[in-house]
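K.L.:
Predicted model follows, preceded by the sequence.
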Amino acid sequence: MQFRQQALAKLQSPEELDLPVRLARPQGWLALGVTVVVMAAASVWAVTGSVASTVGAPAILTHGQGSYLLQSPVSGQVTAVLAKQGQRLPANAPVLQVRTDKGDSVVRTVAAGRVTTLAADIGQIVRTGTTIAAVEKVAHASDPLYATVYVPAENAAAIPAHASVDLTVSSVPTEQYGVLRGEVKAVDRTAQSAQSIAAFLGDSQLGEQFTRKGRPVAVLVELEESSATKSGYRWSTAGGPPFRLDSMTLATGSVRLADQHPVDWLLP
């Protein structure tokens, strides 16, 4: 009987116009409010927020002026080696003595520096233009080290001035001593060839190694100094490695690029 009365009442008012309209349940209003807040926050972040990114590239520790290849100005036989590998020499210092058709000739350094490679032995025949040594341009033992990071050319424009750089040094266990800290000092916008890199580093093999994936851009990184570490530079750990760093040490650099706004990714 009860169901019959309900059915008759529904027939009398099929559109239920006399009943109040329920737009949403309280749970629905809560979900809608949360959705609106999340969308508003995402919109604000897309306009005002930023996303940091980095680029990794091979690097090497050197002194700021790089190196040069010392070539023999004469042809003849090496009769004496007057310098040692690793030795620091002033400008115009004797390196080799070569016997030529016109007598003995001495090959001398062009600029002050440290002999990093000595490629001549007594009895060897050299010709004019033969590379006999690589000399790093450093006048004093206290001259600071820099890092040169060879970044892909397409990333050069995104590197801001004074960008932070983390360097993983090949001779330093990262898990124990962390990474070396630095800051971008200069960006050479010219793509480097294997020959130009070899001329700067005094090593043709490194020139080929750093251009294996294309011609990179050289980024000069100034290392952050610290009197609290044995190396004299700041690391991500408190003390860093218990030894000093040598030039011509290979590393991998992680350079922070300019921050990008997320909205830039959405707009054409």
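P.N.:
Now that the structure is in, tell me what you want to look at. Predicted, not measured: the structure shown is a model, and the values here were computed from it.
K.L.:
Near the closest residue to residue 98 other than its chain neighbours, how many other residues are there?
P.N.:
Among residues not flanking residue 98 along the chain, residue 76 sits closest, at 4.3 Å (C-beta to C-beta, 6 or more residues apart in numbering). All C-beta atoms are positioned from the backbone trio N, CA, C, and that covers glycine. The burial count assigned to residue 76 is 21, neighbours taken as other C-beta atoms under 10 Å.
K.L.:
isn't residue 76 right next to residue 123, touching?
P.N.:
No: Residue 76 lies out of contact with residue 123 (C-beta atoms under 8 Å); the separation is 11.4 Å.
K.L.:
sorry, back to before: roughly how far does the residue nearest to residue 98 sit from residue 127?
P.N.:
Going from residue 76 to residue 127 by C-beta to C-beta, to the nearest Å gives 9 Å.
K.L.:
repeat for residue 154
P.N.:
Distance from residue 154 to residue 127, by C-beta to C-beta: 41 Å.
K.L.:
buried ones in the longest strand along the chain?
P.N.:
Longest strand in the chain, counting residues (DSSP state E): strand 180-191. By neighbour count on 16 or more other C-beta atoms under 10 Å, the buried set for strand 180-191 is 180, 181, 182, 184, 185, 187.
K.L.:
What residues does residue 234 make contact with?
P.N.:
180, 181, 223, 224, 225, 226, 240 (C-beta atoms under 8 Å, 6 or more residues apart in numbering).
K.L.:
Buried ones from the residues you listed, can you make that a ChimeraX selection?
P.N.:
Applying 16+ other C-beta under 10 Å to the contacts of residue 234, the buried members can be selected in ChimeraX as follows:
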select :180,181,223,240
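K.L.:
Which of the contacts of residue 234 fall in strands?
P.N.:
Residues of the contacts of residue 234 located in strands (DSSP E): 180, 181, 223.
K.L.:
partner residues bridging the residue nearest to residue 106 when sequence neighbours are not counted?
P.N.:
In space, and not counting its chain neighbours, residue 106 is closest to residue 94: 4.9 Å by C-beta to C-beta, 6+ apart. Beta bridges link residue 94 to residue 108 when assigned by DSSP bridges.
K.L.:
Quick check, residue 144 in contact with residue 221.
P.N.:
No: counting by C-beta under 8 Å, residue 144 stays clear of residue 221, with 11.5 Å between them.
K.L.:
wait, which of the ones in strands among the contacts of residue 234 is closest to residue 209?
P.N.:
For the ones in strands among the contacts of residue 234, the minimum distance to residue 209 (C-beta to C-beta) is 20.3 Å, reached by residue 180.
K.L.:
Excluding covalently adjacent residues, which one is nearest to the closest one?
P.N.:
For residue 180, ignoring the flanking residues on the chain, the nearest one in space by C-beta to C-beta, 6+ apart is residue 167 at 4.1 Å.
K.L.:
residue contacts, that neighbour?
P.N.:
Contacts of residue 167 by C-beta under 8 Å, 6+ apart are 59, 61, 147, 149, 179-182, 221, 223, 251-254.
K.L.:
Using JSON lines, lay out those residues together with distance to residue 212 and pLDDT.
P.N.:
Converted to JSON lines, those look like this (distance: C-beta to C-beta, whole Å; pLDDT from 0 to 100):
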{"residue": "59", "distance to residue 212": "15", "pLDDT": "94"}
{"residue": "61", "distance to residue 212": "20", "pLDDT": "93"}
{"residue": "147", "distance to residue 212": "19", "pLDDT": "93"}
{"residue": "149", "distance to residue 212": "15", "pLDDT": "94"}
{"residue": "179", "distance to residue 212": "24", "pLDDT": "95"}
{"residue": "180", "distance to residue 212": "24", "pLDDT": "96"}
{"residue": "181", "distance to residue 212": "27", "pLDDT": "96"}
{"residue": "182", "distance to residue 212": "24", "pLDDT": "94"}
{"residue": "221", "distance to residue 212": "21", "pLDDT": "94"}
{"residue": "223", "distance to residue 212": "26", "pLDDT": "94"}
{"residue": "251", "distance to residue 212": "17", "pLDDT": "95"}
{"residue": "252", "distance to residue 212": "14", "pLDDT": "95"}
{"residue": "253", "distance to residue 212": "16", "pLDDT": "94"}
{"residue": "254", "distance to residue 212": "19", "pLDDT": "93"}
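K.L.:
Lovely, talk soon.
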